[in-house]
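Student: Using only what follows, build the 3D model:
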Amino acid sequence: MSDLVFGSDTSISEAKGGVDANRIAEVKAWLVSQFDLVGKDVPDFEYTPRSIAHLHSLATISQAKTKAAGIIATDFRQKAAEYRSQAARIREILESVGVAQESLPSNVVSSAQVLSNVANLLNIRDTELSSFLVAMGDISLRKIGVEDKRSKVQKESKILLDYTRKAIARLTYLKRTLAQLEDDVAPCEGHMENWKTNLAVMASKERQYLQQYSNYKAVLNRVGYTPEISHGVLVEMAEHRKELEKKTKPILDTLRSYQDLPPVIPCFNSQCTIIVLVMFIFAKKLITIWIFLFVQDKALAALAIEDKKRQYAAAEKYLEDVLQSALATTE
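Tutor: Below you'll find the model as predicted:
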């Protein structure tokens, strides 16, 4: 009641403008009744709307609870009176048959008290054997149910204990792993920085190599390179060229020796004809070898071959004419 402030009696009339007078009267009556119970006077305080509302709520709750408590107390008093009257009637009956409590032995009285306590414990209203048996059966069933629940709880507790142990072991392993990883953080960061630097260098090198590759590819396309002309093919061609040079060197030497002969003198015998044929064959082979060795571009090689074919045809025609004229002169 922190809102209560002591004041004069005129505070009641001042509060009437904002608070219902009936509620103020009810609060005052309740306060007087409560303080009269302890023999004290009601202290003076200021009746504000908030304090009146709070006190009226307390008074309402208190009166409701007091009324409920009075009803319960009246019921208990009535039940106690009924129980006393019934006890007196049962006592009269027992005395009339000669089994009053005062005339019974002490062991019988103690047994009856034990029987009464057991009946109260089993929550039965009479002392019949059937009631005791039913109550005992109910207790046995409850005991079996409790034992079953206890066994289940024990199994669950064992399972939870195993899970807890495994979880603790896993947690220990994870903590150890975390500590190891934390120790490896600094070296790994150094390696990562090194890898980043190397990656940047490799990326720049990759761009450089790609640019060079594109440049070389453009150059190869410009000079007419095809995939069939590979390093292995060129090596084989070079080896074949060396072999051909070895084979043709004697023939070239022989032809060079022919260059020192005097101009051609018409001869119309068979020996002269054979010499001309041999020179023509040697010249044809030399021209073919020269085309194979020194012409690398396919298009140029094709043109050169066609040109040399025309030259071969002209030479063959000339040779036929020479032979025909030689034969005609001989005849």
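
Student: Residue 319: what secondary structure?
Tutor: Three-state assignment for residue 319 (DSSP: H, G, I helix; E, B strand; the rest coil): helix.

Student: neighbours of it, just the number please.
Tutor: Each residue near residue 319 was counted by other Cβ atoms under 10 Å, and the total is 15. From N, CA and C alone the C-beta is placed, and that goes for glycine too.

Student: What's the first helix or strand after the top helix by length along the chain?
Tutor: Ordering each helix of the chain by length in residues (DSSP state H) puts helix 129-223 first. Next along the chain after helix 129-223, taking DSSP states H and E as the criterion, comes helix 231-258.

Student: And the longest helix of the chain, what does it pack against?
Tutor: helix 106-122 (3 or more Cβ pairs under 8 Å, 6 or more residues apart in numbering; DSSP states H and E).

Student: And the contacts of the helix it packs on?
Tutor: 101, 104, 125, 126, 127, 131, 132, 135, 136, 139 (Cβ atoms under 8 Å, 6 or more residues apart in numbering).

Student: Could you pull up the contacting residues of the last one?
Tutor: This means residue 139. Residue 139 touches residue 122, counting by Cβ under 8 Å, 6+ apart.

Student: Residue 182 versus the residue positioned nearest the centre of the chain, what's the distance?
Tutor: Of all residues in the chain, the one closest to the mean position by Cα atoms, centre = their mean is residue 174, 17.6 Å from it. Distance from residue 174 to residue 182, counting by Cβ to Cβ, to the nearest Å: 12 Å.

Student: Now do the same for the residue nearest to the centre of the chain: its pLDDT.
Tutor: In this prediction, residue 174 carries a pLDDT score of 94.

Student: Check residue 274 too.
Tutor: 52.

Student: what about residue 194, distance to residue 209?
Tutor: Taken as Cβ to Cβ, the span from residue 194 to residue 209 is 22 Å.

Student: dump the residue contacts of residue 160.
Tutor: Per Cβ under 8 Å, 6+ apart, neighbours of residue 160: none.
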